[in-house]
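# A structural model of the following input is requested.
(2 chains)
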Amino acid sequence: MDIENFKSGDEIAWCPGCGNFGLLNGIKKALVKINRPPKDILLVSGIGQAAKLPHYVKCNCFNGLHGRALPAAAAAKMANHKLTVIVTTGDGDCYGEGGNHFIHNIRRNVDITVVVHNNQIYGLTKGQASPTTDRGYVTGIQTRGVILEPFHALEVAITMGAGFVARSFSGEIDHVADMVNEAVAHQGFALVEVLQPCVSFNKKNTHQWYKERIYDVNKDGSFDPGDKIAAYVKAAEWDDKIPIGVIYRKKTESYEERSGLLGKMPIAEENIEDIDVTAVLEDFKV
Amino acid sequence: MGLECNIRVAGEAGQGMKTIGHVLAEMFVKAGYNVYSNMDYMSRIRGGNSYYQLRVSGKPVFAIREKTDIVIALDKESVALHEKSLNVDGIMVLDAARYGNKEMKANYLDVPLFDIAKGTGGAEIFVNAAACGVAAALTSVDHDFLEDTLKHVFKDKRSEMLESNLKTARKAYESVKPKKEICLPDINRSSEVGRYIMDGNDAIALGAIKAGCKFYSAYPMSPSTSIMSTVARYSDRYNIVVEQAEDEIAAINMVIGASFAGARSMTGTSGGGFALMGEGISLAGMTETPVVIVNAQRPAPATGLPTRTEQADLDLVIYAGHGEFARAVYAPGTAEEAYRLTIKAFETADRFQVPVIILTDQHLADSVRNIAGLNADDIKIKKHVITQADISGDPSGYKRYRITGSGISPRAVPSWIEDVMYVDSDEHTEEGHITEDADMRVKMVNKRSREKIELLMNVVEPPVTYNIAGSETVLVGFGSTYGAIREAAVRKDIGLVHLPQVWPFPSKELLSIVKGAKRVITVENNATAQLAGLIRRETPLRIDRSILKYDGRPFNVDMLMNEIKGL
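This is a model prediction of the structure:
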């Protein structure tokens, strides 16, 4: 597979300079490395700018409702566990509208990769606070600055027992690709939060702002992503220094393994034409 | 004693009313009778007052009656609460010492139910076995039928458990036997009675399994939950994924995701959960993803009466979801119809790539009848999905939303063909990419709504009629009212039209059936006559009257006969 195999004919509708371009290139690079034909890959998204990404890749695409990418993606994987399923979602889509599904799909632990494009703002609805907007940031609605605590997604994911929790930055395309590849290789729910600027509406957390603060936590080998407490502390770092890389990693048993789905033919492929229920009916016989 | 016997066993939640009901229903069918039973229970785990009512007859029966011939009271409150339901010669069975009844009326039959349970069975919980013994003795059912039934019902329980049940039942049977008897109709035992006992929810579950449902996701909600548990019971045998969702929004989006990936999928809920699914149903309409959704209605608004019955979601299910798109809504009236229409629901959903809703309610969900069997042989089950061979000659590639002129874009499943597919909740091009083009918008709207509705009209489930020839008055109903209306429509001049499909509305079919009638009356378990409103919107028919019931309880034969007496 090379990058041309994943080229979509659809015209891109993002703002020039959007962080999503770095993400798109990173994901495409990761797909090349996965080395599966586009027909075996499914990208699932909800609503928002991140959710448009699947249209810009030649892969199967299910672009569903706002906040509801995770249930659709998990179920598609449960129906056909041979598919590689990747969700592209935003901070509003995944942590706001879809917050309940975020929590419960970590518990469910279906083998899907969730890439959260986190630009800390609502772009498509023109600049309101998102669940990850920094405290104090002024918007047209939060006129005296955001007074709500941001949603600490990585900490939540570690607490809930997600087996792969990573962060990346849209300005580091190779790093995005590496994190996505590692996430896909992990058996179970894998979270990759990618920090990205919103060039139109987030005047604080710019490309430069992130670039000055990020550092690769896996670089010198001093940090152990297998240590849950250390990972939790690392995930909470913000403001002056922001860690990127694999923050937490633990081998888990996926839903497919626990349920026994892995050992069976995908339910989607079952023959349904001549199902015999006479034996079931006998259970109701007097 | 007349042609039938109506038995009510009443007590607190937690006293095993459902088990008693099951044992009695099975016992009477074994003895050669027909049964119809329903549960009237409160939304609590312990306490309160619940009852199980069983109608036993020589003829097939389809509904409950107002009055009872035997009440077996398992607590003090039940005596006073259910006394008024007794016929003139009815019997009230009670444990006078236990309940402290000093004054014994002529129709009271004192049986030391709890002493028998404790003394013979070893614990008070066996009072339900004692109740079964009493019911069998009073109706002169041979004890062997009771014994066989207990052995069957408790076959998976520990042997001491079965032994205690058997001993307690026998003791109660023998202690009542010489005292009093209500003779059941002397029926010809060789006549064939339906040998299966089943409620509406089990029939839906079996229909789903038969139709090839491979993915069931739902959030537990009365009275829909037993569909999920019955599918779950057989999920290993049929390789079905049953996943309890975190909420109904997740459930509907999961069934859409699984269906998109190629598995026939279903969810079930009641009104509140269905309301949460609204946006998802619209997504199924937009993305043209087949899904089957059961709404087992209970009285609303909001939480309403969680364990009781109503038909007030008719308008909700027909119009649920924002925007315009085609759907079908089936409203079965019996277990047999529920089975058949569930299979038809999956076929319709797949063939036309639409959401299909099965509208049932607590009354049908929890009522048990003996039936001869289930049959849907007229419906061919087939995956309506294309393969690579179907599109290999086309150099332009696969387009999920191809405009074909027929209203149907051939549906493929990811990874089953060489090409990829794009599915979108935004308005989309034939390829499935987001578009705001006005011409494309019109084409897609036409396809999803107008063209598909026309196609759905060709496969309408026709109205079911009974006693209709020459009827001056026609009673029209949908769903669970079928049984009560059918039994009430015994007069030559009164007929029944039951609508197993309420959307798209079978206007032509209904008109041709009722054209000679003088009077059309709807019978509905709701307060605002939603069916009458629907008929007025969809046909030029005049609805003369609506017989409505919205106290959370189902219609019974007697009250309905009383309503139509003066006609």
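# where does residue 61 land in three-state SS?
You didn't say which chain, so I picked chain A. Assigned with DSSP: H, G, I helix; E, B strand; the rest coil, A:Cys61 falls in the strand class.
# didn't B:Met104 look like it was pressed against B:Ala96?
Yes - if you go by Cβ atoms under 8 Å, B:Met104 and B:Ala96 touch, sitting 6.4 Å apart. The C-beta positions use only the backbone N, C-alpha and C, and glycine is treated the same way.
# Need phi/psi at A:Ser259.
Recorded main-chain torsions at A:Ser259 are phi -80, psi -10, according to degrees, to the nearest 10.
# Report the contact partners of it.
Residues near A:Ser259 by Cβ atoms under 8 Å, 6 or more residues apart in numbering or on different chains: A:78, B:241.
# For the one helix or strand in chain B whose mean pLDDT sits lowest, give me every contacting residue.
Lowest mean confidence among the helices and strands of chain B (mean pLDDT, DSSP states H and E): helix B:388-391, at a mean of 90. Applying Cβ under 8 Å, 6+ apart, the external contacts of helix B:388-391 come out as B:398, B:410, B:412, B:416-419.
# how near is the residue of chain B most remote from its centre to B:Asp419?
Within chain B, B:Pro395 marks the point farthest from the mean C-alpha position, 48.9 Å out by Cα atoms, centre = their mean. B:Pro395 is 11 Å from B:Asp419, where distance means Cβ to Cβ, to the nearest Å.
# Which single residue of chain B ends up nearest chain A?
B:Gly212 (2.6 Å; Cβ to the nearest Cβ).
# and the gap between that residue and A:Tyr122?
Look at B:Gly212 and A:Tyr122: by Cβ to Cβ, they are 42 Å apart.
# Tell me which stretches of chain A form helices.
Counting by DSSP state H, chain A has helices at residues A:20-34, A:69-79, A:99-108, A:153-159, A:173-185, A:207-213, A:228-235, A:255-259, A:278-282.
# and among those, the most buried is which?
Scoring those by mean neighbour count under mean count of other Cβ atoms under 10 Å in any protein chain shown gives helix A:69-79 as the most buried, with a mean of 32.
# What about B:Asn525, how many residues nearby?
Per other Cβ atoms under 10 Å in any protein chain shown, the neighbour tally for B:Asn525 reads 30.
# Double-check it against B:Ser480; I have them as touching.
Yes - using Cβ under 8 Å, B:Asn525 is in contact with B:Ser480, at 7.3 Å.
# Helices along the stretch 401-550 of chain B, start to end?
Using DSSP state H, counting those that start in this stretch, the helices of the stretch 401-550 of chain B run over B:438-445, B:452-457, B:482-488, B:507-514, B:530-538.
# Any chance of CSV for those, columns distance to chain A and mean pLDDT?
Formatted as CSV, the helices of the stretch 401-550 of chain B follow (distance: least, Cβ to the nearest Cβ, whole Å; pLDDT from 0 to 100):
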stretch, distance to chain A, mean pLDDT
helix B:438-445, 14, 98
helix B:452-457, 20, 98
helix B:482-488, 19, 97
helix B:507-514, 30, 97
helix B:530-538, 28, 98
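# got those as a markdown table, with mean neighbour count and distance to B:Val193 columns?
Below are the helices of the stretch 401-550 of chain B laid out as a markdown table (neighbours: other Cβ atoms under 10 Å in any protein chain shown; distance: least, Cβ to Cβ, whole Å):
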| stretch | mean neighbour count | distance to B:Val193 |
| --- | --- | --- |
| helix B:438-445 | 13 | 52 |
| helix B:452-457 | 18 | 37 |
| helix B:482-488 | 26 | 17 |
| helix B:507-514 | 17 | 31 |
| helix B:530-538 | 19 | 33 |
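# Low-confidence bits of the stretch 151-300 of chain B, can you list those?
Confidence mapping of the stretch 151-300 of chain B against pLDDT under 70 gives the ranges B:178-191.
# and the stretch 351-500 of chain B, which residues reach chain A?
Neighbours of chain A within the stretch 351-500 of chain B, by Cβ under 8 Å from any Cβ of the partner chain: B:370, B:373-374, B:381-383, B:413-415, B:417-426, B:431-434.
# Chain neighbours aside, what residue packs nearest to the residue of chain A found nearest chain B?
Chain B sits closest to A:Ile272 of chain A, with a gap of 2.6 Å, by Cβ to the nearest Cβ. Distances taken as Cβ to Cβ, 6 or more residues apart in numbering or on different chains place B:Gly212 nearest to A:Ile272, at 2.6 Å, with adjacent residues excluded.
# how close does that neighbour sit to B:Leu150?
Here B:Gly212 is placed at a distance of 36 Å from B:Leu150 (Cβ to Cβ).
# Check B:Pro414 too.
B:Pro414 sits 52 Å away from B:Leu150, going by Cβ to Cβ.
# quick one, which of those two is more surrounded?
More crowded of B:Pro414 and B:Leu150, by other Cβ under 10 Å: B:Pro414, with 28 against 23.
# Against A:Ala69, how distant is the more buried one?
15 Å.
# The stretch 1-150 of chain A against chain B: which residues are in contact?
By Cβ under 8 Å from any Cβ, the residues of the stretch 1-150 of chain A that approach chain B are A:9-10, A:13, A:38-40, A:42, A:44, A:47, A:52, A:54-55, A:58-65, A:68, A:71-80, A:82-83, A:100-101, A:103-104, A:108.
# Any residue of stretch B:221-237 touching chain A?
Yes - looking at stretch B:221-237 against chain A by Cβ under 8 Å from any Cβ, the contacts come from B:234, B:237.
# now for that stretch, what's the gap between its first and last residues?
Using Cα to Cα, to the nearest Å, one end of stretch B:221-237 lies 25 Å from the other.
# Okay, buried residues for that stretch please.
Within stretch B:221-237, the residues scored as buried using 16 or more other Cβ atoms under 10 Å in any protein chain shown are B:221-228, B:230-232, B:234-235.
# Let's have those residues in TSV, adding secondary structure.
Formatted as TSV, the buried residues of stretch B:221-237 follow (three-state DSSP):
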residue	secondary structure
B:Met221	coil
B:Ser222	coil
B:Pro223	coil
B:Ser224	coil
B:Thr225	helix
B:Ser226	helix
B:Ile227	helix
B:Met228	helix
B:Thr230	helix
B:Val231	helix
B:Ala232	helix
B:Tyr234	coil
B:Ser235	coil
